[in-house]
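Asker: Below are the sequence and a predicted model for it; my questions follow.
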Amino acid sequence: MTQAGPTNLLNNWMGGYEPKSGSYDELVDENGKQRPHWKSTSEHLGSLDQTRWLRREQQLNRLINDNGITYNVYDETASKTRPWSVDMVPLAISQKEMTSLEASLSQRAHLLNLILGDVYGRQTMLQSSKMHPYLVFSNPSFLRPCHGLLPSKHSHIQLYAADLVRAPDGQWRVVADRVEAASGLGYALENRMLMSRIFPKAIWQANILSLQPFIQKFCQHIESMAASSAESPTIALLTAGPKNESYFEQSFLARNLGYTLAEGEDLTVRSNRLYMKTINGVQQVHGLLRRVDSPWIDPLELRNESLLGVPGIVNAVRQRNLSLVNALGSGFVEAPALLAFLPWFCRNYLGEGLEMPSIGTWWCGQKAERDYVIENLEKLTISPTFRKHSQPSYYGPKLSKTEKENLTKQILRYPERYCGQEIVSQATTPSYEDGKLQPRNFIMRVFLVADGNGWKMMPGGLVRHPSGDDSMTFSMQHGGESKDVWVIRDPALESGTRAAAHINLDKPIHRNHTDLPSRTADNMHWLGRYIERAESLARLLRTLTNFLTEDMSGESQRAITPLLDQILPTGESTEKLFYPETERIDISAAEPFLIRALFSEENPESLVNNLHFVERAGAKVKERFSIDTWKRMQRFRELANSYSGRTISIFDDEVSIFIDDTLENLAIFIGNAYENMTRSQGWSFMQIGRRIERALAISSLLQTSYSLAKPYDERLDLQLLYWADSSITYRRRYLNTISSERVIDLLCFDPINPRSLVYQIEKLRKLLSTLPHATLGPRNTIDTLSLQLFSRIGLSSPEALFPADVQLRMKTVHEFFGETTQNLLELATALQRHYFAHTIQSAASKPTAYLG
Amino acid sequence: MASYLIHHKTSYAYRYPVTSSHHTAIFKPQDNDTQSCSRYSLDVSPEHSDMIERKDYFGNTVQLFSIQELHEKLVVEAQSRVETNTVPVDLQTLNTPTDEIRTALTDITRTDLIDAKEFLYETEYTPKTDEIIAFGERFFGGDAPIGPALLALLAAFKEEFEFDPEATDIHTPITETLANKRGVCQDFAQLMIGTLRAQGLAACYASGYILTMPPPGTPRLIGADASHAWVSVFVPEHGWIDVDPTNNIVCGDQHVTVAYGRDFSDVSMLSGAVTGGGEHTVNVEVTMQPV
């Protein structure tokens, strides 16, 4: 390893950089000279000294971590989300090269579009003896129900992505075409955002082309395609949901394009039109940017086991009430074996040669090609004919003799299932590793959008370094690093907007207002409830552990029973926790219950599980939160994961550390949300959830505390004040004289105490009055319940709750809080019915069987 | 020559109310050289909306409709009158060597056979596996004359397989049917199709009805019939020939065809996607009455 000295990287920029012989290198030419278009990039990055470079590296990692940029599967049971990895050194491409790529890839995109038009239309390709029918009829992405569907403007492909490698001769080759639901655009934008944060000056001065004009073009184009005469059609981005590997990217992209992120459940088809289910009722959607593969988009006409789609959507397209980007069934042209036929298609449809070649591909369904593949097995990758996740690719050079024999046998028996693909010795580009530049292989994904009759390429892209040398697949799943692509502006070429020093991609380029989807409202509501539930429980546990671990020799511990009661499983009695005939709690008997309430994985009401609920509810509405707010979610998961299942003693410091950490992070989350969230309907639903839950907690605890027959002592009052974080207020007002009437006044009737019951009810009433139901139609159950809650507490007082007669007091307290709790629960149900009811999932009904 | 009145009633009962549902129905008998449908109606309760009738990719009539009102029950009734005039093909004398058919179908220059080639390849429900290939080699090896080979395969279904509605469901793979030798018409039809395709022959799935005979002296029971599935196999120079592996017969006037597809999933008579509803039960009554 080279020891990096105090010198600038520039002095040492190329020092020790030795590209492999036999492959093309992006930075240096065959004479070891830096290629001219790298000049500005090298100067700017190379001018940073080691300290500044390291600081930027730390900043980059922090940004990735803070932004929660991830690409893996969101797994409910384990934390499998891997952080995104970006190299500090971008790939520099000259504008001239980009322009030439744009030209040749435009021809390719046009060609793929024509192939789709033919296969879903007249099928002239099948009349030719050059095109094997197997490649059409057996292609799992040839969706027969979509045959004859005319896409808007006859254009199947709006967004085209190609994975490119550069061969030793310097020529680019396409490894794969991506049109079904191309991922990566969001990550490319994200990488540019990161680079512009850590290298603002370089981005500005190195003359790098901006990505913004492309994004604007993309939006304009999608809107022009939408099946609507409206001036601003409604567009949504259809996602497969938080469990999808690139959900982060999808929500990032939706935010940046200004489109609503929708899951199948948010949408419904009525009268052959697509609608979004919102809390204001249904709203028509005219265009859908889909990240769900075609076969899964309609359980009615396509794969009926799909839970990701919307029943009837194919028919909405058929009736020309909806346009999809890309058109349904576009995945047909992604089949690896088709690469072998593209030159023929090109001559046949366009009467010209294919400008952008693919990697060499031989389909084994043909005799001569099959023989070639079998003879050259050790020099090829053997891929499935069609793109299938279930069928692996085999890397020839690494196959053992037996594996080769078995594969040969399979190819001979099922030749049509395989194709052989050339292994290109990939070009290298510098990557920052161990304090210096190292040559690394790479694959580049580029994006083109249809533009009138032509295509525009994004001046940038997404580079990935494959995890092993043998991989030519552009996969997020197999790890590896990514990098930004800088297209260096050429003054000789007139077009191209220079990138700004700071691009704020968080700011939507244009706004496409849609109402809040019901599912989101539902999730926001539950997020609010879980947050408050976690907080209230953490406070309760803090009060209990403090009380029980305090040395109070001789004093009665009876006062704590109402609080202890809250965490015991149903059927358990606090009585058993006392030493017989004493006022003292047996810690060894009580401790397991506390541990259960804190850390148990099995107890759904434990604090760790509550934190999991918070995090999961949050993950479903991730796109609603600012980055800083979202950071807390990560922290909740870390906390829950590290404490889950623990069995430490309640005397251990770690218990209070866990509780304090939890409360602190909850407070930061709430504070951040207050500062950063727009006061939209989503906000209201979260706040409603919080207020309902807090009111429920207060009501329940006051009910058990003050409806006891036994005279209660002031220790209980003190614990309640401590739980409700109101001790200071109380002392300021009343010094050290404790009275239950005053405590209940503060915790129940004080309108300025944010932890009083009346405060929650007043807030609730205000929030409810902003919801859509309040402005239309007659009074609804929600309003009635709100009014009941409000008037009950408004007409009561500490004196009324605490009459002198013990029996009467017990009854009054019991009824007052019992009815309040009842109303709160009814209110939650009424909200569910009114606003979230249509979040029910659709499922296929049993097809009738043939029983003949 | 025969005429029938066919009444096909499907009733769904849901545990919870359904808020909306979408359905596709493929009930309308075909009009072709050997059969004509003179009357057809589809009744849906509760009131449906957005009914659309279209021809699918295979030329079958598909009706799509949705129900947007709250319901706990759905009844779909298809009624038709059909005249058939099918003379069963004499397979005994159909002596084209299997190899000749295989060669024609795999010949890339025979673009005139493209419609048959659609049904030449495996599908999700008719996969090609070593076992399926081995099963077919018993009948269609080398120059075996196609007619007698088909008859032998039909006879094998009769002799080696048992009709057993309890053994399978609509998603049972054909490899399982082959291993357990049990199933219903759909299993036998798909196994036979998979077997023929693995042998390089073109075959499709036929969906429809068959006339059943009540035991002598007993009256025809209303609703006791069922939808039926069989196989259509392609022989160049002759065309498509329908055979019924469940009943070991070459199809004739007793079969009424509704739809052809690559497998069950293309022609399912009634399918749907519902929102809400929970668990549901489905009851089917079919009556095929000669007139």
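Answerer: Perfect, I can see it now. Residues are numbered from 1 along each chain as shown, chains lettered A, B, ... in the order given.

Asker: all helices for the stretch 51-200 of chain B, in order.
Answerer: Assigned by DSSP state H, counting those that start in this stretch, the stretch 51-200 of chain B shows helices spanning B:98-106, B:114-117, B:130-140, B:146-160, B:174-180, B:185-198.

Asker: for residue A:122, helix, strand, or coil?
Answerer: Of the three states, residue A:122 takes coil according to DSSP: H, G, I helix; E, B strand; the rest coil.

Asker: Can you tell me the closest non-neighbouring residue to residue A:634?
Answerer: Nearest residue to residue A:634 in three dimensions, chain neighbours excluded: residue A:68, at 5.8 Å (C-beta to C-beta, 6 or more residues apart in numbering or on different chains). Glycine gets a C-beta too; all of them are placed from N, C-alpha and C.

Asker: re the thing from before, got JSON lines for the helices of the stretch 51-200 of chain B, with mean neighbour count, mean pLDDT and distance to chain A too?
Answerer: Converted to JSON lines, those look like this (neighbours: other C-beta atoms under 10 Å in any protein chain shown; pLDDT from 0 to 100; distance: least, C-beta to the nearest C-beta, whole Å):
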{"stretch": "helix B:98-106", "mean neighbour count": "18", "mean pLDDT": "95", "distance to chain A": "9"}
{"stretch": "helix B:114-117", "mean neighbour count": "18", "mean pLDDT": "96", "distance to chain A": "4"}
{"stretch": "helix B:130-140", "mean neighbour count": "18", "mean pLDDT": "97", "distance to chain A": "8"}
{"stretch": "helix B:146-160", "mean neighbour count": "18", "mean pLDDT": "96", "distance to chain A": "13"}
{"stretch": "helix B:174-180", "mean neighbour count": "18", "mean pLDDT": "96", "distance to chain A": "13"}
{"stretch": "helix B:185-198", "mean neighbour count": "28", "mean pLDDT": "97", "distance to chain A": "4"}
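
Asker: In a markdown table: those, plus distance to residue A:631.
Answerer: A markdown table is the format used below for the helices of the stretch 51-200 of chain B (distance: least, C-beta to C-beta, whole Å):
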| stretch | distance to residue A:631 |
| --- | --- |
| helix B:98-106 | 61 |
| helix B:114-117 | 58 |
| helix B:130-140 | 54 |
| helix B:146-160 | 65 |
| helix B:174-180 | 51 |
| helix B:185-198 | 54 |
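
Asker: Can you check which of those gets nearest to residue A:288?
Answerer: Of all those, helix B:114-117 sits nearest to residue A:288, with 33.5 Å by C-beta to C-beta.

Asker: show me where pLDDT drops low in the stretch 201-350 of chain A?
Answerer: A:227-231 (pLDDT under 70).

Asker: and what of the stretch 401-550 of chain A?
Answerer: Low-confidence segments of the stretch 401-550 of chain A (pLDDT under 70): A:467-480, A:494-514.

Asker: Point me to the residue of it nearest chain B.
Answerer: Among all residues of the stretch 401-550 of chain A, residue A:414 sits closest to chain B, at 7.0 Å; criterion: C-beta to the nearest C-beta.

Asker: which ones are touching that residue?
Answerer: Under the criterion of C-beta atoms under 8 Å, 6 or more residues apart in numbering or on different chains, the neighbours of residue A:414 are residue B:128.

Asker: next one: residue B:286
Answerer: B:6, B:7, B:8, B:9, B:209, B:223, B:224, B:225, B:226, B:227.
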